[in-house]
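Peer 1: fold the stuff below for me.
(one chain, ligands or ions: 1)
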Amino acid sequence: MTKIINGKEFAQKVRALVAKEIEISGLKPGLTVVLVGNDPASEVYVRNKDAAAKEVGINAQTIKLPAEISQAELLTKIDALNKDKKVHGILVQLPLPKHIDEKAVINAISPDKDVDGFHVINAGRAVTGQDALVPCTPLGCIMLLKDALGDLTGLNAVVIGRSNIVGKPMANLLLNENCTVTIAHSKTKDLPKVCAQADILVAAVGKPKMVKANWVKEGAVVIDVGINRGPDGKLCGDVDFEDVSPKTKAITPVPGGVGPMTIACLLKNTLEAAKRLEK
Ligand code: NAD
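Peer 2: Purely as a prediction, here's the structure:
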């Protein structure tokens with residue numbers, strides 16, 4: 001029987017745990033979300049993050065800046081947030097307007113407040129096994145996998161996608177769990193054959209319903225990170241759910257799988273940052 005992994009329910013549990021820990025610890029974690037410009041999708045994401053943070057007792061604020069802001073002005077704002085003792089987490093919503101260098105902005109955030117885990121120092125710490133803030137989406141995926149499978153030691157994991165935000169940190173987290181990890185990408189030869197070796201298949205590509213049943217080993221666990229609009233206008237993942245799910249041991253749906261875990265892990269990271277900074 002295939003298990004449909006309920007990311008919404010799991011995320012709710014994570015949020016409740018974060019809320020409880022905040023209440024018991026007496027900490028007042030602070031999260032500042034910086035939104036530059038007025039991209040409608042970004043506005044929705046930022047509003048959701050702000051509301052979710054407030055709900056668990058995080059002192060959240062959103063700073064809205066005009067699309068024309070210069071890079072230097074934005075860096076000055078970030079510097080002020082780095083120095084603000086009440087702010088434990090800083091998140092700059094991406095994408096930024098074209099005239100701003102995203103890497104420079106992300107790397108200007110104090111690594112200890114980088115709750116998105118995108119700073120080069122956090123990436124380096126994660127790869128070298130040091131305490132790091134880990135990107136929220138892969139962190140959510142690994143939590144779902146450990147919940148579904150328990151010990152991941154020795155399993156073959158294939159990650160499709162090599163972005164700095166999802167694919168690479170995902171592969172690293174799987175490696176830390178003692179998986180044998182393959183990173184596949186747009187230049188991989190015979191992708192279906194590579195994927196068919198996987199006990200754990202993580203798709204983070206951005207191509208609607210790309211992964212088909214013949215790509216998937218019988219009894220594999222499939223984590224679908226993709227968020228796409230299908231030809232019918234409906235939200236769908238990178239995995240053809242109807243085709244693939246009967247073959248799997250467990251699979252995440254889209255929506256309701258990985259998505260809700262991303263915000264839950266942002267709250268977890270903000271609490272983690274506050275605990276470390278207030279130690
Ligand atoms: P990205 O565009 O940065 O990276 C996509 C990766 O897919 C690249 O590494 C590329 O090599 C690979 N790729 C592209 N075409 C391919 C092909 N035909 N075959 C194999 N590999 C191919 O994207 P990203 O930021 O990593 O996001 C990936 C997907 O995950 C998107 O749909 C995005 O919307 C979604 N996403 C979801 C969440 C969430 O919260 N659920 C968070 C982040 C991203």
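Peer 1: and stretch 107-117, how far from the chain's centre?
Peer 2: 15 Å (Cα atoms, centre = their mean, to the nearest Å).
Peer 1: got a list of contacts for stretch 251-261?
Peer 2: Here stretch 251-261 makes contact (Cβ atoms under 8 Å, 6 or more residues apart in numbering) with 2-8, 10-12, 14, 136-137, 139-141, 143-144, 221-227, 235-237, 239, 241, 244-245. All C-beta spots, glycine's among them, are computed from the backbone N, C-alpha and C.
Peer 1: ugh, wrong one, stretch 181-191
Peer 2: 156-162, 167-168, 171, 174-175, 194-195, 197-198, 215.
Peer 1: so how do I select the buried members of the residues you listed in ChimeraX?
Peer 2: A single ChimeraX command selects the buried members of the contacts of stretch 181-191 (16 or more other Cβ atoms under 10 Å):
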select :156,157,158,159,160,161,162,167,168,171,174,194,195,198,215
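Peer 1: among the contacts of stretch 181-191, which are in reach of the ligand?
Peer 2: Among the contacts of stretch 181-191, proximity to the ligand is found for 160-162, 167 (Cβ under 6 Å from any ligand atom).
Peer 1: how about those in a markdown table, adding pLDDT and secondary structure?
Peer 2: Shown next, in a markdown table, are these (pLDDT from 0 to 100; DSSP: H, G, I helix; E, B strand; the rest coil):
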| residue | pLDDT | secondary structure |
| --- | --- | --- |
| 160 | 99 | strand |
| 161 | 98 | coil |
| 162 | 98 | coil |
| 167 | 98 | helix |
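Peer 1: mind picking the two most distant members of the residues you listed?
Peer 2: The most widely separated members of these, counting by Cβ to Cβ, are 160 and 162 (8.8 Å).
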